[in-house]
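1. mind looking at a prediction? Sequence and model below.
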Amino acid sequence: MHSMVRFTGKGAAHFAHLHLTSTLPQNGFVAVELSQELPLSAVGVEEAAVQYVYVDSPSLEHIVPARGPSRGGTALHVHGSRFSNTQDLSCKFGNMHVRATYVSEQEILCLTPSHTHGGVALHVATNGRDYTMNPLLFSFLT
């Protein structure tokens with residue numbers, strides 16, 4: 001099973017029209033077809049190669065510990081699956097983003113930020129932007 005993604009619209013100022021078609025197979029690699037009405041040679045580009053790699057979103061299972069002081073600094077072990085060792089690996093506590101440390105495909109480590117007391121949703125992203133849809137709850141204590 002695979003999905004098909006198609007983007008059509010105006011491109012950069014150098015291009016009259018940009019059409020991108022992408023097929024996303026289960027193996028995690030993306031095949032991309034790129035065609036333009038204006039040849040690349042017309043804008044001084046002899047050859048172009050585009051390669052994309054799709055990384056499946058991590059899945060969160062549990063955290064240890066589930067609570068810590070509101071002053072922050074708690075070493076939080078996040079357990080799940082499909083974690084990737086990327087430079088943009090991050091945790092988000094509510095709307096506060098912090099860098100994460102990769103331990104394995106099943107575990108990452110985040111230091112909690114300073115936060116007001118109460119429960120907050122914890123999300124994880126491998127690219128610093130696209131966070132998990134299944135948050136876990138972390139409680140900040142006074």
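-> The structure has been received and is ready for your questions.

2. what sits against the closest residue in space to residue 109 that isn't next to it in sequence?
-> Spatial nearest neighbour of residue 109, excluding adjacent residues (Cβ to Cβ, 6 or more residues apart in numbering): residue 101 at 4.4 Å. All C-beta atoms are positioned from the backbone trio N, CA, C, and that covers glycine. Counting by Cβ atoms under 8 Å, 6 or more residues apart in numbering, residue 101 touches 89, 108-110.

3. how about residue 58?
-> 80-84, 124, 126, 132 are the contacts of residue 58 under Cβ under 8 Å, 6+ apart.

4. sorry, back to before: who wins on neighbours among the contacts of residue 101?
-> Of all the contacts of residue 101, the most densely surrounded is residue 108 (25 neighbours; neighbours counted as other Cβ atoms under 10 Å).

5. that one bridge partners, please.
-> residue 78, residue 102 (DSSP bridges).

6. helices along this structure, start to end?
-> In the chain, no segments count as helices under DSSP state H.
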